[in-house]
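A.B. asks: Here is my input; please provide its structure:
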Amino acid sequence: MDGERKSDMADGQTPKNSDTSSIADVPNTKSSANERSTPEDSACRKNSEFKKRKGSVMDQPIDLDYVLVNEIGQFGRYQMFNLLLVSVPIIMSAFMSEYIFSAAAIPHRCRVPECGETTKTERFNPNWVLNAIPPASNNAGFASCDRYIPIFNNGSLDYCPSSLFQQQTQKCDGFVYARDNSCVYDFDLGCQDWLRALAGTLNSVGTLLVLPIAGYISDTFGRRVALVISVVNLGLFGIIRAFSVNYPMYLAFQLLQTTFGAGTFSSSYIFATEFVGPKYRVLTSATCTSMFAVGQVILGAVAWVIQPWRYMILALHIPCFIIIAYYWILQESVRWLLSQKKYDQAKDVLERVARRNRKQISEKSLHALMNPPEPVKFGISVVFTSLYLFTSELYPTQYRHRLLAFSSMVGRIGSITAPLTPLLMDYWDGIPSVMFGAMGILSGVLVLTQPETLGTKMPDTLAEAEALGKPESKTKT
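C.D. replies: Next comes the predicted model:
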């Protein structure tokens, strides 16, 4: 029995009721060979056997998720406040879709000079309109892009009897508009639907171009820097676009705005999810996507209240500049700081999080986090409900934003062509549905080739990312 007790003490095992904070605190006393077994001896042996079991909690290395779960809190006051702040730029990221309203189609018809019309501001629906313009193909109203050929080309009557026109039609050489709250009116884009659709296409092209740029900035200079730069660019180019003097200028700044500002959502999303523990990562992801939906609701409300398109753009984008203050308000992502070996800054942030959450972080945990850990397989019991969350779980911290951006960039190939697909309905109404349905089926099949991330941990290294889907990558949380 003496030998067993000495062996336990040498291995750093302590009796059940003793202080286990340090091996040095365990008294190394010797007992006589004739000393009888005590309850403490049995507890010591059981404790030693428990620690030797495979998969014991005590065998698990300390990482950031371990610290979040067991010490400073997975979703405490600090994370709640952080998510609340990040929700603001996520809402603003939805404002990039305002081209839907600023370049919206408005009812228009041909201008008829023979009936005294000289400008695009003429009354849209005069009594004589069906004498000069044929009915629409669906017999609802009148045609938008055709008019009857006049018998006399030099008339300027205040009334227009049908006898002034032939029954053959011709294309418009000028337009009259029902409203003036769109750039279609300002830039006279009547019957040029392909030009209007180009705004949506360039929006997606800019998103394709920005993702690798935003990913590089985020992974190199920090999540906070990428977030602030993206939102400021979003607001700056949006405001300049509000003062466009022609449609090419409008399109150019539409492209620039998304090229340098479309990283707002991905920057905010990465920033928010890296601060919470595994249990609340799905909740955080759902909150981010919900805030984007809130932004779309706000966008629609602003467009309804402020109908002149220039003022609408200004109202949406001027508030973006308040995000500059986030550079001093937000703390940099701990995961990014650790991946960049900026351990002093990471320690300061962790201690701040612990204070805000009214928790304490041990020196042992800080020491473990400040030293590069051995390759381990992280485990997260989380159900992934969104593409962004699933994709981000596949990539390591050091390259997560770059690879997530590249994945999104590939996806933007479809977004570039999507605004143009309604034009294909002129050939067959089912073409867009067939295209989107086929791509959905193909995407579903391709997803089956990816590893299951349920029960795995967000990887920090390339080795851990490559091990996803293997049995050893499964752990309990």
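A.B. asks: Centre of the chain to stretch 247-265, how far?
C.D. replies: The chain centroid and the centroid of stretch 247-265 are separated by 17 Å under CA atoms, centre = their mean, to the nearest Å.
A.B. asks: Output that stretch as PDB - backbone C-alpha positions only.
C.D. replies: This file holds the C-alpha atoms of stretch 247-265, laid out as PDB (Å, rounded to 0.1, in the frame of the first residue of the first chain):
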ATOM      1  CA  TYR A 247     -26.100  56.800 -66.100                       C
ATOM      2  CA  PRO A 248     -22.500  55.600 -66.800                       C
ATOM      3  CA  MET A 249     -21.400  57.500 -63.700                       C
ATOM      4  CA  TYR A 250     -24.200  55.900 -61.700                       C
ATOM      5  CA  LEU A 251     -23.100  52.400 -62.900                       C
ATOM      6  CA  ALA A 252     -19.400  53.200 -62.300                       C
ATOM      7  CA  PHE A 253     -19.900  54.100 -58.700                       C
ATOM      8  CA  GLN A 254     -22.300  51.200 -58.200                       C
ATOM      9  CA  LEU A 255     -19.400  48.900 -59.200                       C
ATOM     10  CA  LEU A 256     -16.900  50.800 -57.000                       C
ATOM     11  CA  GLN A 257     -19.300  50.800 -54.000                       C
ATOM     12  CA  THR A 258     -19.700  47.000 -54.000                       C
ATOM     13  CA  THR A 259     -16.000  46.400 -55.000                       C
ATOM     14  CA  PHE A 260     -14.800  48.200 -51.900                       C
ATOM     15  CA  GLY A 261     -17.800  48.000 -49.500                       C
ATOM     16  CA  ALA A 262     -19.500  44.600 -50.100                       C
ATOM     17  CA  GLY A 263     -17.200  43.000 -47.500                       C
ATOM     18  CA  THR A 264     -19.300  44.600 -44.700                       C
ATOM     19  CA  PHE A 265     -21.500  41.500 -44.100                       C
END
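A.B. asks: Next, residue 428: secondary structure please.
C.D. replies: coil (DSSP: H, G, I helix; E, B strand; the rest coil).
A.B. asks: Tell me which residues of the helix or strand that contains residue 287 come out buried.
C.D. replies: Assigned by DSSP states H and E, residue 287 belongs to helix 281-305. Across helix 281-305, burial judged by 16 or more other CB atoms under 10 Å covers 281-282, 284-285, 287-289, 291-292, 295-296, 299, 302-303. For every residue, glycine as well, the C-beta is placed using N, CA and C.
A.B. asks: swap in stretch 204-221?
C.D. replies: Those would be 204-215, 217-219, for stretch 204-221 by 16+ other CB under 10 Å.
A.B. asks: In helices, which of those residues fall?
C.D. replies: 204-215, 217-219 (DSSP state H).
A.B. asks: Sort the residues you listed by pLDDT and name the bottom one.
C.D. replies: The lowest pLDDT within these belongs to residue 211, with 79.
A.B. asks: Please name the nearest non-neighbouring residue to that one.
C.D. replies: Nearest residue to residue 211, sequence neighbours excluded (CB to CB, 6 or more residues apart in numbering): residue 405, at 3.5 Å.
A.B. asks: residue ranges with poor pLDDT in the chain?
C.D. replies: 1-63, 139, 152-159, 362, 364-390, 393, 452-456, 469-477 (pLDDT under 70).
A.B. asks: can you tell me the helix or strand for residue 227?
C.D. replies: helix 223-241.
A.B. asks: got the contact list for the spatially closest residue to residue 345 that is not a sequence neighbour?
C.D. replies: Residue nearest to residue 345 in three dimensions, not counting chain neighbours: residue 337, with 5.1 Å by CB to CB, 6+ apart. Residue 337 is in contact with 343, 345-346, 349, counting by CB atoms under 8 Å, 6 or more residues apart in numbering.
A.B. asks: Would you mind measuring from residue 337 to residue 232?
C.D. replies: Look at residue 337 and residue 232: by CB to CB, to the nearest Å, they are 23 Å apart.
A.B. asks: repeat for residue 401
C.D. replies: Distance from residue 401 to residue 232, by CB to CB: 18 Å.
A.B. asks: Can you identify the element that follows the helix holding residue 287 toward the C-terminus?
C.D. replies: Following helix 281-305 in sequence, per DSSP H and E, is helix 309-317.
A.B. asks: Run the chain-centre distance for that following helix.
C.D. replies: Its chain's average C-alpha position is 23 Å from that of helix 309-317, according to CA atoms, centre = their mean.
A.B. asks: and residue 403, that's in a helix?
C.D. replies: Yes. Under three-state DSSP, residue 403 falls within a helix.
A.B. asks: Identify the residue nearest it in space, chain neighbours excluded?
C.D. replies: residue 395 (4.2 Å).
A.B. asks: can you give me phi and psi for the one you found?
C.D. replies: When read as degrees, to the nearest 10, the backbone of residue 395 gives phi -110, psi 150.
A.B. asks: what about it, neighbour count?
C.D. replies: 20 (other CB atoms under 10 Å).
A.B. asks: Likewise for residue 127?
C.D. replies: 9.
A.B. asks: Also residue 360?
C.D. replies: Residue 360: 11 surrounding residues under other CB under 10 Å.
A.B. asks: Looks like the residue nearest to residue 211 contacts residue 209 (just checking).
C.D. replies: No. Using CB atoms under 8 Å, residue 405 is not in contact with residue 209; the gap is 10.5 Å.
A.B. asks: Overlap in contacts, those two.
C.D. replies: Taking CB under 8 Å, 6+ apart as the contact definition, residue 405 and residue 209 share no neighbouring residue.
A.B. asks: All the helices of the stretch 301-450 of the chain, in order from the start?
C.D. replies: 309-317, 326-329, 334-339, 343-356, 363-370, 387-393, 400-417, 431-447 (DSSP state H, counting those that start in this stretch).
A.B. asks: Of the contacts of residue 337, which is the most crowded?
C.D. replies: Top of the contacts of residue 337 by neighbour count (other CB under 10 Å): residue 346, with 24 neighbours.
A.B. asks: just to revisit the earlier point, let me know the distance separating the residue nearest to residue 403 from residue 219.
C.D. replies: 10 Å.
A.B. asks: residues contacting the closest residue to residue 205 other than its chain neighbours?
C.D. replies: Excluding its sequence neighbours, the residue lying closest to residue 205 (CB to CB, 6+ apart) is residue 416, at 5.6 Å. Counting by CB under 8 Å, 6+ apart, residue 416 touches 201, 204-205, 208.
A.B. asks: Can you tell me which helices and strands the top strand by length along the chain packs against?
C.D. replies: Criterion DSSP state E: the longest strand present in the chain is strand 165-171. Counting contacts by 3 or more CB pairs under 8 Å, 6 or more residues apart in numbering; DSSP states H and E, strand 165-171 packs against strand 146-150.
A.B. asks: Direction included, what does the strand it packs on pair against?
C.D. replies: Strand 146-150 sits in its sheet next to strand 165-171 (antiparallel), going by DSSP bridges.
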